[in-house]
Structure formats: structure tokens, C-alpha cells
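>>> Here's a sequence, model it:
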Amino acid sequence: MTETALAAGEAFEPTEYIYGDLKSGILLLCDHARNTVPAPYGDLGVPPEQFERHIGYDIGARAVTLELARRLNAPACLSTFSRLLIDPNRGEDDPTLVMRLSDGAVVPGNARVDAQERMHRIRQFHQPYHNLIDGTLDQMLAAGAPPVIFSIHSFTPVWRGVPRPWHVTVLWDSDPRAVTPLLAGLRRQEGLIVGDNEPYEGALKNDTMYKHATSRGLAHALLELRQDLIADEAGALDWADRLEPVMREIAARPECRQIRHFKSRCD
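Numbers count the residues shown, from 1 in each chain. Here you go, the predicted model:
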């Protein structure tokens, strides 16, 4: 399932929202859902094949997110712009917010990004995505149903020539409420190699989960699925099959539906 590399036309909506039951107990997020770039930016000087790599977006993550939203009748917030334009999973002050070099690929369209252009991209793309998440959470909390937040990402099967053995990993900071049963539920499934804070560290100051889950005291977990396992429709459906019952079980836990603050390891 390949995403369209460039957005045509003048209008560009930086977010995608999937309606669901505000009392479902689950909010799904997908930070790197697409590899599109709004028309005024052209192709950022990057060859089309680079947009099909992980540097352009999280391959397969959108398909899994949409299928889970449908099955769980849960709201979902997704970005629609390539992470090469600006990375919504970074804080506004993060030096990697706009990448000039990404896994060996030079991004000429980012080479001369100054403070004014950086702020323009934040206002036009980064902030609308986070405003959508904030607004959705406000509605869910007003409905009296603090949700568990699950963020869906994907990772490359090989990094710098080294194979990654995990089929799925769970990233987290300091709140174990959703993480512990998620890891247990995945490890019960035969044949899966499940990573805990692999291949990345889950504590990142001002990333999406810090900004919307940790800071609000909401139970949460970030899932990283190996890209070769979800790159087509069959793989996305298989992982929706695997994740749906585990997510339902977590959302049914009273302790996961409470607002409780844990000290972040970032602080």
C-alpha cells in the first residue's frame, strides 16, 4: 500500500480525523501516516523513491490505524504530511524537527530553512495536528471517559546492515499501566519477538506522547510494528487481528481509565 508522494492542487489539509465513539476508551494516533508534501514545496528536491522509504513516512502504519479505528469504533488522529517536511513527533524546539539530512538522504528543500520558515511550517502543519489531538482529548474527557492513547508507528527491518529481530516493540516513558498488559498480551501470541523500548527509547521530551498523554496523566503506549510485516493489506489486517483484543482488554481496565501522573524520565 503505497501512499501518494505529492499532494496536487492548492488546498492541503494537514490532518485526517476518523470519527469514533468518544466513550470508546481508546484514542488512536498516527504521527507519520503519509508521505505527501503540499504543492508549494514541490518535492523538497528529493527523488520520488526516497518518499517511499521510512524517511518519508511510517510504512503501513496508517492502514493499521484505520482498521483498528473501524473495529474499535475509536477516534483516530492522523497527520497527512511527510516527516521530511516537518516531524509532528518532535517538540517545536527539537533540532530534528526539520531534517536537512535523513538516513543518508539530503533534503535540499530544507537546506535553507530559517527561523521564519520553521515557524511557518509549525503553524501550518505541526500545530494543527496537535490541536486536533488536544481537541479530541478535550471532548473525550468532557464525555467522562478518559481514554487510553495508542500511537501506531513502524520501523525498518534492517538498520545500517543489521537485522532487527523484533516483530513489534512497545515504547514508553514512566507510566506502565497500558504498557505492562500490552507487552503481556503480545508475548502470549505464539512466535512473536516483542521488544520493550527497542529499537528506540520511549522517553522523549515534548514528543507526541509526552505532550498529550504524559502531561495529562493518561495511560498510553507507542507501538512500533516492523514495516515488512504491515506493508500490504494482508499484513495490516493480520496486525489489526493481533492488536484489537489486547487493546480492548487494556481499555477495560479501571486503572487505565484514570488520570494519574507519573514523573517523566525526561524531566
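
>>> all contacts plus neighbour counts: C-alpha atoms, from now on.
OK.

>>> Return the distance of residue 158 relative to residue 228.
Using CA to CA, to the nearest Å, residue 158 is found at 10 Å from residue 228.

>>> Between those two, which is the more surrounded one?
residue 228 (16 against 13; other CA atoms under 10 Å).

>>> Who are the contact partners of the more buried one?
Residue 228 sits next to 156, 157 when contact means CA atoms under 8 Å, 6 or more residues apart in numbering.

>>> do the same with residue 196
169, 170, 171, 183.

>>> Which of the residues you listed fall within strands?
Members of these lying in strands (criterion: DSSP state E): 169, 170, 171.

>>> Tell me the bridge partners for the first one.
Taking DSSP bridges, one obtains residue 195, residue 224 as the residues bridged to residue 169.

>>> What is the neighbour count of it?
23.

>>> cool, the second one as well?
When counting by other CA under 10 Å, one arrives at 26 neighbours for residue 170.

>>> In terms of pLDDT, where does it sit?
As summarised for this prediction, residue 170 has a pLDDT of 98.

>>> Return the backbone torsion pair for the residue lying closest to residue 260 once chain neighbours are set aside.
Excluding its sequence neighbours, the residue lying closest to residue 260 (CA to CA, 6 or more residues apart in numbering) is residue 217, at 4.6 Å. Main-chain dihedrals, residue 217, degrees, to the nearest 10: phi 80, psi 30.

>>> For residue 204, see how far away residue 217 is.
The gap separating residue 217 from residue 204 is 16 Å, by CA to CA.

>>> For these two, indicate the residue with more neighbours.
The neighbour count for residue 217 versus residue 204, taken as other CA under 10 Å, is higher for residue 204 (20 against 17).

>>> can you tell me the helix or strand for that one?
Secondary structure assignment for residue 204, by DSSP states H and E: no helix or strand.

>>> give the contact list for it.
173, 210, 266.

>>> Then the second one would be within a helix, right?
When you say that, I think you mean residue 210. Yes. The assignment for residue 210 by DSSP: H, G, I helix; E, B strand; the rest coil puts it in a helix.

>>> From residue 116, how far out is the residue lying closest to it once chain neighbours are set aside?
Among residues not flanking residue 210 along the chain, residue 204 sits closest, at 7.0 Å (CA to CA, 6+ apart). In this structure, residue 204 and residue 116 are 25 Å apart, going by CA to CA.

>>> now residue 136
For residue 136 relative to residue 116 (CA to CA), the value is 29 Å.

>>> Show me which of the two is the more surrounded one.
Neighbours were counted for residue 136 and for residue 116 using other CA under 10 Å; residue 136 has more, 19 against 9.

>>> SS state for the more buried one?
With three-state DSSP as the basis, residue 136 sits in helix.

>>> Also residue 67?
Under three-state DSSP, residue 67 comes out as helix.

>>> What of the one 3 residues further on?
Assigned with three-state DSSP, residue 70 falls in the helix class.

>>> quick one, strands of the stretch 51-200 of the chain?
Secondary structure of the stretch 51-200 of the chain (DSSP state E, counting those that start in this stretch): strands at 76-79, 101-102, 105-106, 148-155, 158-159, 162-163, 168-171, 194-196.

>>> From the contact counts, what lies against the fifth one?
What that stands for is strand 158-159. Using 3 or more CA pairs under 8 Å, 6 or more residues apart in numbering; DSSP states H and E as the contact test, no helix or strand touches strand 158-159.

>>> Give me the contacts around it.
residue 164.

>>> Please apply the same query to the longest one.
For strand 148-155, contacts defined as CA under 8 Å, 6+ apart pick out 25-32, 54, 58-62, 64-65, 178, 209, 213, 218-227, 250-251, 256-257.

>>> sorry, back to before: deepest of the strands of the stretch 51-200 of the chain, which one?
strand 76-79 (a mean of 26; mean count of other CA atoms under 10 Å).
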